[in-house]
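> Sequence first, predicted coordinates after that:
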Amino acid sequence: MRNRFFFIILTTLVLAAIGINLVHVKFFKSQRLKLIDQQIAESSNILTASNDFQKSVNNPALIEDAISRVLKGNRIGKVFVLRDRKSSILYQSFNVNQLETNLPIEPEWVTVETNTEFVRLRNILLKGSHPRVLQVGLVLNRNFIDWEIIDNRVVNYVVGIVVALFLASVLLTLLLLAPLRHLIKHLRSATSNLTNLKDVEQLPKRLTRYTHGFWARSDEFSSLLSTVQKLIDRINLNYKLTRSWTLQMAHELKTPLAIIRAETESKSKAQLLPKQYSNDVIKEIQQMSDIISQFLDWAELENSNLQRDLHALRAKSVIKTVTTRLDKISPGRIKLNLNSDFSVFANPGHLDQLVSNLIVNALKFSPPSSPVEVSLSGTSLTIADHGLGIPHEVIERLGEPFNVGSFEKEGLTGSGLGLAWVSTVAKLYQWRFEISAKSDGTSVHIDFPNTEEI
């Protein structure tokens, strides 16, 4: 659109410039012709009104001196020819022989052009016993009237116009498309958090001002802004309703699950249900309850913009605590490489859960015999495994709950809440969270701020 808009403006300006120059050339050509005609008419009128010239008409040998005496300096650059009614030349000035064309004796005003010359001529009938035709003309270079000879001056003029039109087109394009660029920039920034179920930011004032005033009534850009604003409001309303319904549904599910569990345990104790059957049901209920609780915890954290109960936590100590706990589940698989230690200001539960979720995912989605490497370097935490790698579609939707990949053939399942929690915590504390996934494993990297330099 920008290129199209630029070429439209450039074409319009070029056509306007061509039109203006054509009018300019036409106007000045007519004005120059008027000036030339005025000079010719003045000289010819002086001659016809002069008695000295009238006496010399019948004696062509005296005409040259008579013209010089009567016109003096005004004869310079002009041609003079005296003819009889049969068009025979009785007298002609010396410069007539240099012309490359003949001079017709009618009508009164004649224009004669050659490849290099422009001749403007007036034919005057001198009455008397022997009628004569006096021709008074002015010889000019054709370039004086028409730009048909391209010289450096013409080239510089054309180049100057082209450069000026190009710069004007660029400037107009930048100015006219500035509001559209602001809109694109805002929408790109506002929609970057859509995957995290955040409200879309409202249009800034520098854009909403285009929706008010007289010109906004019939302006397409104003209508576009109004439509975008309505779309943003609708998206935000849908997000709000979706979050409200989802949280409400999650809360409502916990009650019937608790009732089903209590009834199952009661029937199992009364030996009305097989032991294995009741254990399987209770296990599934417990798993569903855990997922709902994790989801509610994540939703509460996702909708919170405040960092509460902050403590100065030592990264090495937190990692050792978590790995000691998880090593009981997967003995010998976690390899520590803690080359540094630093303080992290966070809620203890948030940092503990973040590290735990990342290590549990690495253990779960990598071969049971492969190690999971946990490293501290500088102020960065890296957790690497040797599994199949997190699918690309999961990384694209990072931060969404229940965002799981396709591991059906490996028999691996998950809720996706672990990575959603990590993404939300990192965003809350403004920690840089990156995932590098390849076919031979996944590496998760988190950069913490350097609190020692603060």
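Looks like it arrived, so ask away.

> From now on I want contacts and neighbour counts done on CA atoms only, so please keep to that.
Fine.

> care to break the protein down by domain?
For the chain, automatic domain parsing gives the domain ranges 2-149, 241-302, 311-453.

> could you give the mean pLDDT of the helix or strand hosting T324?
Assigned by DSSP states H and E, T324 belongs to helix 315-327. Helix 315-327 shows a mean pLDDT of 91 in the predicted model.

> quick one: V200 from T208, how far?
For V200, the distance to T208 equals 15 Å [CA to CA, to the nearest Å].

> ditto for L174
L174 is 19 Å from T208, where distance means CA to CA.

> picking that back up, just checking, what packs against the helix holding T324?
strand 334-338, helix 348-364 (3 or more CA pairs under 8 Å, 6 or more residues apart in numbering; DSSP states H and E).

> Averaged pLDDT, the shortest one. What do you get?
Spelled out, that is strand 334-338. Regarding strand 334-338, the rounded mean pLDDT is 92.

> mind saving the C-alpha coords of that strand as PDB?
Written as PDB, here are the backbone C-alpha positions of strand 334-338 (Å, rounded to 0.1, in the frame of the first residue of the first chain):
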ATOM      1  CA  ILE A 334      19.500 -34.800  37.400                       C
ATOM      2  CA  LYS A 335      23.000 -33.500  36.800                       C
ATOM      3  CA  LEU A 336      23.900 -30.200  38.500                       C
ATOM      4  CA  ASN A 337      26.500 -27.800  37.200                       C
ATOM      5  CA  LEU A 338      26.200 -24.800  39.500                       C
END
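
> That one pairs with which strands?
strand 372-377 (parallel) (DSSP bridges).

> Going by neighbour count, list what's buried in the strand it pairs with.
The neighbour-count check on strand 372-377 (16 or more other CA atoms under 10 Å) flags V372, E373, V374, S375, L376 as buried.

> so where's the stretch 201-350 of the chain shaky on pLDDT?
Counting by pLDDT under 70, the stretch 201-350 of the chain shows low-confidence ranges at 214-219, 239, 241-247, 304-306.

> Need the helices and strands packed on helix 315-327 in a markdown table (columns: mean neighbour count).
Shown next, in a markdown table, are the helices and strands packed on helix 315-327 (neighbours: other CA atoms under 10 Å):
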| stretch | mean neighbour count |
| --- | --- |
| strand 334-338 | 16 |
| helix 348-364 | 18 |
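
> Indicate which one of these is closest to I67.
The closest of the helices and strands packed on helix 315-327 to I67 is helix 348-364. By CA to CA, the value is 111.0 Å.

> hey, where'd the strands end up in the protein?
Using DSSP state E, the strands of the chain run over residues 78-84, 89-92, 109-113, 117-126, 132-141, 311-314, 334-338, 343-346, 372-377, 380-384, 432-438, 441-447.

> got those strands as JSON lines, with distance to S169 columns?
Below are those laid out as JSON lines (distance: least, CA to CA, whole Å):
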{"stretch": "strand 78-84", "distance to S169": "47"}
{"stretch": "strand 89-92", "distance to S169": "57"}
{"stretch": "strand 109-113", "distance to S169": "40"}
{"stretch": "strand 117-126", "distance to S169": "39"}
{"stretch": "strand 132-141", "distance to S169": "37"}
{"stretch": "strand 311-314", "distance to S169": "58"}
{"stretch": "strand 334-338", "distance to S169": "60"}
{"stretch": "strand 343-346", "distance to S169": "54"}
{"stretch": "strand 372-377", "distance to S169": "53"}
{"stretch": "strand 380-384", "distance to S169": "50"}
{"stretch": "strand 432-438", "distance to S169": "43"}
{"stretch": "strand 441-447", "distance to S169": "46"}
